[in-house]
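**Q** Test case, fold it:
(chains A and B)
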Amino acid sequence: MSSSSSGQLSAAPVRGGHEIPVWGGGALPYAIPSKKLGMWLFIVSDAITFSAIIFAYGYLRLAAAAWPRPFETPSIVNATVMTFVLLSSSVAMVLGVRASSLGKVSGAVGWLVATALGGIVFDILHIHEWLGLIGEGVRPFHNPWGTPMFGAAFFTMTGLHMLHVTIGVIYLLVIAVGFGRRKFSAADVEVSGLYWHFVDLVWMFIFPLVYLLSAKTA
Amino acid sequence: MEHAETAGNKIVFSVWFGLLGLTVLEVILAYRQLPLETMLSVLMVLSVVKAALIIAYFMHLRYEQASLFVTLIPALVFILIMMTVIFADSSRLAHMRSLVQ
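**A** A predicted model of the protein is given here:
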């Protein structure tokens, strides 16, 4: 709710009791708070990290003589439900960001907790899937179906994503508590929302590439 | 943050249903007997559409200044395109395997 994001700076903005220096370079280039720009830059770099891993999977799969297609219908249904949960948690996040910008503290906290719960459900369903595969004998460099790197690719891609979801759940709960205590501003809620939507976005690529392209269809 | 424009409820829920619908479409496609390359291409196009919807409406980039989009997205797309250089090598490996067999 600070005025530092407005396009014009008629007076020196104040943050934490201190006047902060006024931008002297003409029109503000992005007109967003620095934390938000910081999160966007992190998201771009994290997108490159995920892309590198996804391209490595593509490299392995293209070079392999055969690639396992172990996911039977229950696994595909599970992964589809996970996708729905994550997409719905993103909508809860949008509503949380909006409530926070309108100053509705309890509403914002409620939506943030709902978003985090979506992340927890996603994690539980995914761990269930992992345990199923581990039970079938899948290991990072060994599995019953022959192509040894299948496990490494699967566990790295989905594991890094699960780590992001887990960090996101903690992040959102910290923001929820802090916003409830008026320690964090609506801008902080919005920045956490950017992270959460990005985690959702990455899953939109992992779900078809890992699960749908390895569905056991016959 | 006060923005001049934000996505209203109608847009947010339309995007949500759109994303769920595209997901269902992807799952249906996964059970069609399509060649792997065709399947990969179709699924990736749908995923890029979903990602664009998330970035534009949920991450709000549509309502930011164009300079933010120009700074972030084209460079990322360029990097992703450059990463495809590795696929020449993986198809070389597949080709060499077929020569050995």
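**Q** can we go C-alpha only for contacts and neighbour counts from here?
**A** Fine.
**Q** any low-confidence regions in chain A?
**A** Within chain A, the ranges that satisfy pLDDT under 70 run A:1-13, A:15-16, A:20-23, A:218.
**Q** so where do the helices sit in it?
**A** For chain A, helices defined by DSSP state H occupy the ranges A:34-63, A:73-101, A:105-135, A:149-180, A:186-206.
**Q** Can you name the residue of chain A nearest chain B?
**A** A:Ala63 (4.7 Å; Cα to the nearest Cα).
**Q** Contact partners for that residue?
**A** B:90-94 (Cα atoms under 8 Å, 6 or more residues apart in numbering or on different chains).
**Q** List just the nearest of the residues you listed to B:His60.
**A** Nearest to B:His60 among these: B:Ser90, at 37.6 Å, using Cα to Cα.
**Q** Any idea how many residues pack against the closest one?
**A** When neighbours are defined as other Cα atoms under 10 Å in any protein chain shown, B:Ser90 has 19 of them.
**Q** Nearest residue to it in space, please, no chain neighbours.
**A** A:Ala63 (4.7 Å; Cα to Cα, 6 or more residues apart in numbering or on different chains).
**Q** Filter the contacts of A:Ala63 down to the buried ones and hand me the PyMOL line.
**A** A single PyMOL command selects the buried members of those (16 or more other Cα atoms under 10 Å in any protein chain shown):
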select buried, chain B and resi 90+91+93+94
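**Q** Would you map out the domains in chain B?
**A** When chain B is parsed with automatic domain parsing, its domains come out as B:1-64, B:65-101.
**Q** End to end on the shortest one, go ahead and measure it.
**A** End-to-end distance for domain B:65-101: 57 Å, by Cα to Cα, to the nearest Å.
**Q** taking the domains of chain B together, which one is wrapped up most tightly?
**A** Neighbour counts (mean count of other Cα atoms under 10 Å in any protein chain shown) averaged over each of these peak at domain B:1-64, with a mean of 16.
**Q** as a whole number, average confidence for it?
**A** Averaging pLDDT along domain B:1-64 gives 91.
**Q** and the lengthiest helix in chain B, is it in reach of chain A?
**A** Ranked by number of residues, the top helix in chain B under DSSP H is helix B:9-30. Yes: applying Cα under 8 Å from any Cα of the partner chain, one finds helix B:9-30 touching chain A at B:12-13, B:16, B:19-20, B:23-24, B:26-27, B:30.
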